[in-house]
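Trainee: Model the following, please.
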Amino acid sequence: MAFSSRSFWNRAFWLLLLAAKVVIHISAVNSEISDTLLLTRSNDPVRQSNIEGNWHMQDCKDCKNRQENSYKTNRSSEKVDSSQGEAIDITVTYMDNSGNFKSHKVKSSDLSSSWVWENSAGNPTQQKGEEGLYQLRVNKLQENDRSSTDHDKLPCPIKLKRQRLRQKRKELRVAELVHMSKETELEMEAAAIERTKKFNHIVKGKYSIWRKEYQPTFTDSTLKLMKDQIIMAKVYASIARSLNKLDLYSSLMKHIKASQLMTEEATSDADLHSGALEQAKEMSNALNQAKGVLYDCDIIARRLQAMVQSTEDNIIGVKKQSTFLIQHAAKTMPKPLHCLSLQLATDYFLDNYASKGLVNSPKLTDASLYHYAIFSDNVLATSVVVNSTVVHAKEPEKHVFHIVTDKLNFAAMRMWFIAYPPSPATVHVENIDEFSWLNSSYCSVLRQLESAKIKEYYFNAQHASSLSAGNENLKYRNPKYLSMLNHLRFYMPEVYPKLDKILFLDDDIVVQKDLTPLWSIDLKGMVNGAVETCKESFHRFDTYLNFSNPKISENFDPQACGWAFGMNIFDLKQWKKRNITGIYHYWQDLNEDRKLWKLGTLPPGLITFYNLTYPLERSWHVLGLGYDPAVNPKDIINAAVVHYNGNYKPWLDLAIAKYKQYWSNFVPFDNPYIQRCYVDQ
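Mentor: Take a look at the predicted model:
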């Protein structure tokens, strides 16, 4: 029994082993058959991707991504046609596990309806059964052994469909354009023009944003590397010196000087010396050597921090120096303008105009005419104001210009308007030093300007306002604040006692329109008509006045809107009625120690005309051409008056180039005096 049992189990074991080999062999054959026949199921995403990836090789060579569901046929059409005769032998070759090639024959009649034939024309048919979609690629061996090698190149149905849709849309569009009315066409054209106006074609920082190959490449990489090396070399040199490693210190300083010589005037790699790259390599070796000896993270961090602090201090000093130099350039009379004044004054006295006296025209006191007040010591700037006003005046014969200058420029100013009068307008030039009523006993600001404190404020280098002490308000130290021409605007009734209204103009403005409508504006009982300058939180009273002082905070609103001096229409009747000059004197006396506001005429003007200023339309007066390069061009074109307030006056080299033409249009460059003094256009 034991022997029989052992024999039984041995037989069972060998039967199981044989069955396993048969199963493995059959599965291997089936695997090879399926691989060769490319049998796949549609519900398997991996196999489905293989189907999609192989369609174009058999049917449409121009289509790369073809969807299988675009081809649907009936199941009956996928079977082998009866006209083909009896069953076809299908030979399948494969490689077994040992690497030997073997063949296997399959009868077509044994295949189920789930299989798909690929015909000789290369057009597959598909069948989507209950379990999914299958594809079969076979080699059909027929009795005539006929092979098909040439396949018709048929276009992709999806591509054809797209072409038909595009053609249809094109035909519809053509039909719409043909039947479009003229009014609709004009509306479309106007809309297109508006869209182009709003399009911002400026791309900051790049030449092109459309293609990467057109983007600018960095051309200063070597230069940046060398500058970084210089910084690190300075750090290591300072550490080497502190540790008394003099040889390493000398080597680093030698490389620093060599690198500085090659980079001091360079702005890009193209400007570098031909040996710059070699010097960068030598510096790199020196830095590696220093790093191996001196590297300490904490020490290097402290040295770099000290260098940053030192650099910041240098930048602050440079900014202060730049501000000082700009202020100096702004307050200095250019050589051509100085020459012009000298030439005019010389001819004034040589031609004996001084003995002829001033002509008193009845127009000077005629209140029915349009009167202007200009206080300036700049002959050319004053002539631009007068010429631009007369050119745009509808009735220039009714315009009278009252010009007040100082004793130094009186002869030149008068000679200019004698030689070149802006006919038919009237010009009257006066000397401020001949105003007997303007004295220190009556005028508080004149008394202050003559005081020792003001002289110390301007001329003592150790004063808190000096450059060396680091005061930020250097602009208030401009000597123009010492001139009474700057403060004469607060004495209009005293200067022109017989006039009812007068338009005040600064000498750094240009008139672009007729200004006569300003005299007909109802000021609603106010004294001053001016354009307001406040925008959001800018240019309000707290910008100009010291509201920490109770005398200011108790009398004025810090959010009150500021306004501009430069083009102001004054009602002199209301001025006298409200005693504006007395108000001005009161506050000037309180500000003798300059604790209420800094120097200048706008802060006392804001105080003096507080709640007495009528806001004019902004287009009357556009400011900023003397400091702001971003003034809206439309505002400039539409403005009646443009104002070059700021340091960049149009007669200086500091002028903003794009604004200078508005001023130079009214400069007579063919004038012999101007040509003699080489005043460039």
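
Trainee: Ramachandran coordinates for residue 532?
Mentor: Dihedral pair for residue 532: phi -70, psi 150, per degrees, to the nearest 10.

Trainee: Against residue 540, how distant is it?
Mentor: From residue 532 over to residue 540 the distance is 10 Å, taken as C-beta to C-beta, to the nearest Å. C-beta coordinates here come from the backbone N, C-alpha and C atoms, glycine included.

Trainee: between these two, which one's more packed in?
Mentor: Regarding residue 532 and residue 540, a neighbour count based on other C-beta atoms under 10 Å identifies residue 540 as having more, with 20 against 17.

Trainee: for the stretch 551-681 of the chain, what spans make up the helices?
Mentor: Using DSSP state H, counting those that start in this stretch, the helices of the stretch 551-681 of the chain run over residues 572-578, 580-590, 602-608, 633-638, 657-664, 672-676.

Trainee: Residue 370 is nearest to which of the ones you listed?
Mentor: With C-beta to C-beta as the criterion, residue 370 lies closest to helix 572-578 of the helices of the stretch 551-681 of the chain, at 13.9 Å.

Trainee: ok, and what's touching that closest one?
Mentor: For helix 572-578, the external contacting residues (C-beta atoms under 8 Å, 6 or more residues apart in numbering) are 492-493, 496, 499-502, 523, 525-527, 581, 612.

Trainee: Go again with 6 Å.
Mentor: Here helix 572-578 makes contact (C-beta atoms under 6 Å, 6 or more residues apart in numbering) with 492, 493, 499, 500, 527.

Trainee: ok, residue 584 touching residue 607?
Mentor: No. With contacts counted by C-beta atoms under 6 Å, residue 584 stays clear of residue 607, the gap being 8.1 Å.

Trainee: which is the next helix or strand following the lowest-mean-pLDDT helix or strand in the chain?
Mentor: Across the helices and strands of the chain, the lowest-confidence element by mean pLDDT, DSSP states H and E is strand 133-134, at a mean of 36. As assigned by DSSP states H and E, the chain's next helix or strand after strand 133-134 is helix 157-178.

Trainee: Kindly report the domain assignment for the chain.
Mentor: When the chain is parsed with the TED database, its domains come out as 221-329, 335-461+473-679.

Trainee: sorry, back to before: for residue 443, find the nearest of the helices of the stretch 551-681 of the chain.
Mentor: Ranking the helices of the stretch 551-681 of the chain by distance to residue 443, with C-beta to C-beta as the measure, places helix 580-590 first at 7.7 Å.

Trainee: Buried residues in the closest one, which are they?
Mentor: Judged by neighbour count (16 or more other C-beta atoms under 10 Å), helix 580-590 contains these buried residues: 580, 581, 583, 584, 585, 587, 588.

Trainee: Could you do stretch 262-275 as well?
Mentor: 262, 263, 266, 269, 272.

Trainee: So which of those sit within helices?
Mentor: Mapping the buried residues of stretch 262-275 onto helices (DSSP state H) picks out 262, 263.

Trainee: of the buried residues of stretch 262-275, closest to residue 650?
Mentor: Nearest to residue 650 among these, counting by C-beta to C-beta, is residue 266 at 35.5 Å.

Trainee: hmm, who's touching stretch 488-507?
Mentor: Residues outside stretch 488-507 that contact it (C-beta under 6 Å, 6+ apart) are 365, 367, 371-376, 378, 381-382, 385, 437, 519, 566-573, 575-576, 584.

Trainee: Strands of this protein, residue ranges please.
Mentor: Taking DSSP state E, the strands of the chain run over residues 89-95, 101-107, 127-128, 133-134, 370-375, 399-405, 426-431, 501-505, 509-511, 528-530, 567-571, 613-615, 621-622, 641-643.

Trainee: Now render those as JSON lines, adding distance to residue 654 and mean neighbour count.
Mentor: Formatted as JSON lines, the entries for these read as follows, by distance: least, C-beta to C-beta, whole Å; neighbours: other C-beta atoms under 10 Å:
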{"stretch": "strand 89-95", "distance to residue 654": "89", "mean neighbour count": "15"}
{"stretch": "strand 101-107", "distance to residue 654": "92", "mean neighbour count": "11"}
{"stretch": "strand 127-128", "distance to residue 654": "83", "mean neighbour count": "20"}
{"stretch": "strand 133-134", "distance to residue 654": "81", "mean neighbour count": "22"}
{"stretch": "strand 370-375", "distance to residue 654": "23", "mean neighbour count": "22"}
{"stretch": "strand 399-405", "distance to residue 654": "23", "mean neighbour count": "23"}
{"stretch": "strand 426-431", "distance to residue 654": "28", "mean neighbour count": "20"}
{"stretch": "strand 501-505", "distance to residue 654": "22", "mean neighbour count": "23"}
{"stretch": "strand 509-511", "distance to residue 654": "17", "mean neighbour count": "24"}
{"stretch": "strand 528-530", "distance to residue 654": "27", "mean neighbour count": "23"}
{"stretch": "strand 567-571", "distance to residue 654": "23", "mean neighbour count": "24"}
{"stretch": "strand 613-615", "distance to residue 654": "31", "mean neighbour count": "18"}
{"stretch": "strand 621-622", "distance to residue 654": "20", "mean neighbour count": "23"}
{"stretch": "strand 641-643", "distance to residue 654": "16", "mean neighbour count": "25"}
